[in-house]
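K.L.:
need the 3D shape of this:
(one chain, ligands or ions: 1)
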Amino acid sequence: MENQEVRVRFAPSPTGGLHLGGVRTALFNYLFARKHNGKFILRIEDTDQTRFVPGAEEYIVKSLEWIGLDVDESDIKGGEYGPYRQSDRKHLYRQYAMQLVDSGNAYYAFDTPEELEAMRKKLEAEKAPVQSYGPATRLTMKNSLTMNADEVKSLLDSGAQYVIRFKMPENEKLVLKDIIRGEINADTSILDDKVLFKSDGMPTYHLANIVDDHLMKISHVIRGEEWLPSLPLHFLLYRAFGWQDTMPQFAHLPLILKPDGKGKLSKRDGDRLGFPVFPMNWTDPKTGEFSKGYKEYGFLPEAFINMMALLGWNPGNTDQEIFTKEELCQLFTLEHVNKAGSKFDPEKNKWFNKQYIEQSPASKLAPYLIEDAKAEGIDVPQDRAEQICELVKDRAKYTHDLWHESEYFFKEPQQYNEANVKKFWKAETPEILTKATEVLKGIEDFSSKNIENIVTEWINANQLSFGKVLNPMRLALAGECKGPHIFDILAQLGKEESLIRIDKAIKGITI
Ligand code: GLU
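P.N.:
Below you'll find the model as predicted:
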């Protein structure tokens, strides 16, 4: 195993929008692959047709793209081990199910739903210690262990409905290994005979997952904690196939917990506390229910990756919290993934996004501003958008704030903030601002620094206070007293537009 190429897979079932737990699983697989110069594979596990949701696969692909987790092998990307969608691999699985039947590790079962229900009721009434189809009950049921070969053959020939079940070994104590959790003990006597294959020709998750991991030469299975109970069965399947020597190593990731730490994070927590639980907008095609995504909420993918990476992982011995994707690829180890669940902290996530926006070059932020302006029918050229992003980026928590914080650069104020008027617009203000406009008119080089020098000099020479001049001027320019440095606003608006706005305020504001 030591020198084996690292090949990991993200294996979602397309049963709905990709939730945050899935995103984190994908991310950790991706980081692990990159760290070890390995391959990151996307395999779609769609064998359960009853849970199939149209659009879910496309959504998963698009989400990974937005987050920036580029896959090396997938249905779209191709690869040597395809197909990468299980429904396209349907023809492969029967032979493996048969291999287990032939080696005595699996058997046919013909029980009807009514018979299974009767068994369940009986076990319940008896208060049986293990209430499932397994070592303790299988010999009382209708299957190829209790029927003779001719009976089985004639049932199969007649086209009777059947399933193939795994024959769980009796009373075996297993000691399994998980990279994150260490030794895991399991007792097969409490496990059941899981269905591996159905007469409709479809394998169940367990069979398809093991066969595909084997055929795709997966080296490490990194997945959510909810799959830990399946580990004994998966180990036994590898053993039954005789693939133990090339069995992947397992790592089960901790749960993502609610912000208060009480239980697993759910979609409802997001709705209740006002944060997204999907990477991108998702509309459930069955219920029509719409959920807003991190992307549309205004998160940068880099911030999203950073916040997700720290959900259950930390590099140890450092206070550093901001990590680029490249740094994460370098630093990531499964040994530093926690066993305990990690609390989801929506406030911290906002903080991450704000840090990233502040630190991003304006050239990267400009497209967000351009897009939002366009939605309002305003075309902003890239260079102007960059100048404005530079001015407002430290005020933005979300990408949309770039527009919200700069709208007044593109539209003159339609009204003036009442509280600001009350506070800053005094009886003498029109006179002061009229004088100030004379000063502005005379400035040739209308750059921020130069305006600042000249206006400051004028204020000092006339023993005026900065507040009395600059607050109402800001109100006149932006409609309210917020925003970047006032001289930057003046320079950005330009002399002509600034003068128009000040004049309009002088004429329009009455107290
Ligand atoms: N299809 C499973 C899921 O949706 C994959 C579990 C695994 O990674 O083995 O989570």
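K.L.:
can I get the lowest-mean-pLDDT helix or strand in the chain in CSV, CA atoms only?
P.N.:
Sorting the helices and strands of the chain by mean pLDDT, DSSP states H and E puts helix 267-273 at the bottom, at a mean of 91. Extracted in CSV, the C-alpha atoms of helix 267-273 (Å, rounded to 0.1, in the frame of the first residue of the first chain):
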residue,chain,number,x,y,z
LYS,A,267,-31.0,22.6,6.4
ARG,A,268,-33.5,23.9,9.0
ASP,A,269,-30.7,25.4,11.0
GLY,A,270,-29.7,27.4,8.0
ASP,A,271,-33.3,28.6,7.4
ARG,A,272,-33.8,29.4,11.1
LEU,A,273,-30.5,31.3,11.6
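K.L.:
in it, what counts as buried?
P.N.:
Lys267, Asp269, Gly270 (16 or more other C-beta atoms under 10 Å). C-betas here are computed from N, CA, C, even on glycine.
K.L.:
likewise for stretch 94-110?
P.N.:
Tyr96, Ala97, Leu100, Val101, Asn105, Ala106, Tyr107, Tyr108, Ala109, Phe110.
K.L.:
could you list which of those residues belong to helices?
P.N.:
Tyr96, Ala97, Leu100, Val101 (DSSP state H).
K.L.:
now render those as JSON lines, adding pLDDT.
P.N.:
Formatted as JSON lines, those follow (pLDDT from 0 to 100):
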{"residue": "Tyr96", "pLDDT": "98"}
{"residue": "Ala97", "pLDDT": "98"}
{"residue": "Leu100", "pLDDT": "98"}
{"residue": "Val101", "pLDDT": "98"}
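K.L.:
so does the longest helix anywhere in the chain get close to the ligand?
P.N.:
When the chain is parsed with DSSP H, its longest helix is helix 20-35. No - under the criterion of C-beta under 6 Å from any ligand atom, the ligand is not reached by helix 20-35; the shortest gap measures 7.0 Å.
K.L.:
that older thread, which of the buried residues of helix 267-273 lies closest to the ligand?
P.N.:
Nearest to the ligand out of these is Lys267 (C-beta to the nearest ligand atom; 16.2 Å).
K.L.:
what about the closest residue to that closest one other than its chain neighbours, neighbour count?
P.N.:
Excluding the flanking residues, the one nearest Lys267 by C-beta to C-beta, 6 or more residues apart in numbering is Val277, at 5.1 Å. Neighbourhood size, Val277 [other C-beta atoms under 10 Å]: 24.
K.L.:
Val277 and Gly270 touch, don't they?
P.N.:
Yes - Val277 lies in contact with Gly270 (C-beta atoms under 8 Å); the separation is 3.8 Å.
K.L.:
who touches both of these two?
P.N.:
Jointly contacting Val277 and Gly270 under the rule C-beta atoms under 8 Å, 6 or more residues apart in numbering are Ser291.
K.L.:
helix or strand for the closest residue to the ligand within the stretch 351-500 of the chain, which one?
P.N.:
Closest residue of the stretch 351-500 of the chain to the ligand, C-beta to the nearest ligand atom: Phe352 (25.9 Å). Phe352 is located in helix 346-359, with elements delineated by DSSP states H and E.
K.L.:
Phe250 in helix, strand or coil?
P.N.:
Assigned state for Phe250: strand (three-state reduction, DSSP: H, G, I helix; E, B strand; the rest coil).
K.L.:
OK, contacts around it?
P.N.:
Going by C-beta under 8 Å, 6+ apart, Phe250 touches Leu176, Lys177, Asp178, Ile179, His220, Val221, Leu231, His234.
K.L.:
quick one: buried ones out of those?
P.N.:
Using 16+ other C-beta under 10 Å, the buried members of the contacts of Phe250 are Leu176, Asp178, Ile179, His220, Val221, Leu231, His234.
K.L.:
which helix or strand contains the residue of the stretch 151-300 of the chain found nearest the ligand?
P.N.:
Using C-beta to the nearest ligand atom, the single residue of the stretch 151-300 of the chain nearest to the ligand is Arg223, 3.5 Å away. Using DSSP H and E, Arg223 maps to strand 220-224.
K.L.:
which one of the buried residues of stretch 94-110 is nearest to the ligand?
P.N.:
Distance to the ligand across these (C-beta to the nearest ligand atom) is lowest for Tyr96, with 16.4 Å.
K.L.:
name the nearest residue to the residue of the stretch 151-300 of the chain closest to the ligand, sequence neighbours excluded.
P.N.:
Leaving aside its sequence neighbours, Arg223 sits nearest to Thr25 (C-beta to C-beta, 6+ apart; 5.8 Å).
K.L.:
now do Ser189
P.N.:
Among residues not flanking Ser189 along the chain, Asn171 sits closest, at 4.8 Å (C-beta to C-beta, 6+ apart).
K.L.:
quick one: residues contacting the one you found.
P.N.:
By C-beta under 8 Å, 6+ apart, Asn171 lies in contact with Pro135, Asp187, Thr188, Ser189.
K.L.:
quick check: of these, which lies closest to Lys348?
P.N.:
Of all the contacts of Asn171, Lys348 sits closest to Asp187, with 40.4 Å by C-beta to C-beta.
K.L.:
what about that closest one, neighbour count?
P.N.:
Neighbour count for Asp187, taken as other C-beta under 10 Å: 11.
K.L.:
packing partners for the strand holding Arg223?
P.N.:
strand 7-10, helix 20-35, strand 249-253 (3 or more C-beta pairs under 8 Å, 6 or more residues apart in numbering; DSSP states H and E).
K.L.:
dump the C-alpha coordinates for whatever helix or strand Glu151 lives in into PDB.
P.N.:
Counting by DSSP H and E, the element that carries Glu151 is helix 149-157. What follows is helix 149-157, C-alpha atoms only, in PDB (Å, rounded to 0.1, in the frame of the first residue of the first chain):
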ATOM      1  CA  ALA A 149     -31.000 -26.300  -5.300                       C
ATOM      2  CA  ASP A 150     -33.800 -27.500  -7.600                       C
ATOM      3  CA  GLU A 151     -36.300 -25.300  -5.800                       C
ATOM      4  CA  VAL A 152     -34.000 -22.300  -6.100                       C
ATOM      5  CA  LYS A 153     -33.400 -23.000  -9.800                       C
ATOM      6  CA  SER A 154     -37.000 -23.300 -10.600                       C
ATOM      7  CA  LEU A 155     -37.900 -20.100  -8.800                       C
ATOM      8  CA  LEU A 156     -35.100 -18.300 -10.600                       C
ATOM      9  CA  ASP A 157     -36.200 -19.800 -14.000                       C
END
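K.L.:
quick check: mean pLDDT of it?
P.N.:
The pLDDT scores in helix 149-157 average 97.
K.L.:
for that helix, packing partners?
P.N.:
The helices and strands touching helix 149-157, judged by 3+ C-beta pairs under 8 Å, 6+ apart, are strand 106-109.
K.L.:
buried sites along the very next helix or strand once past the strand it packs on?
P.N.:
Next helix or strand after strand 106-109 toward the C-terminus (DSSP H and E): helix 113-125. Within helix 113-125, the residues that count as buried by 16+ other C-beta under 10 Å are Met119, Leu123.
K.L.:
what does helix 113-125 contact?
P.N.:
Contacts for helix 113-125 (C-beta under 8 Å, 6+ apart): Asp111, Gln131, Ser132, Tyr133, Thr137, Thr140, Met141, Lys142.
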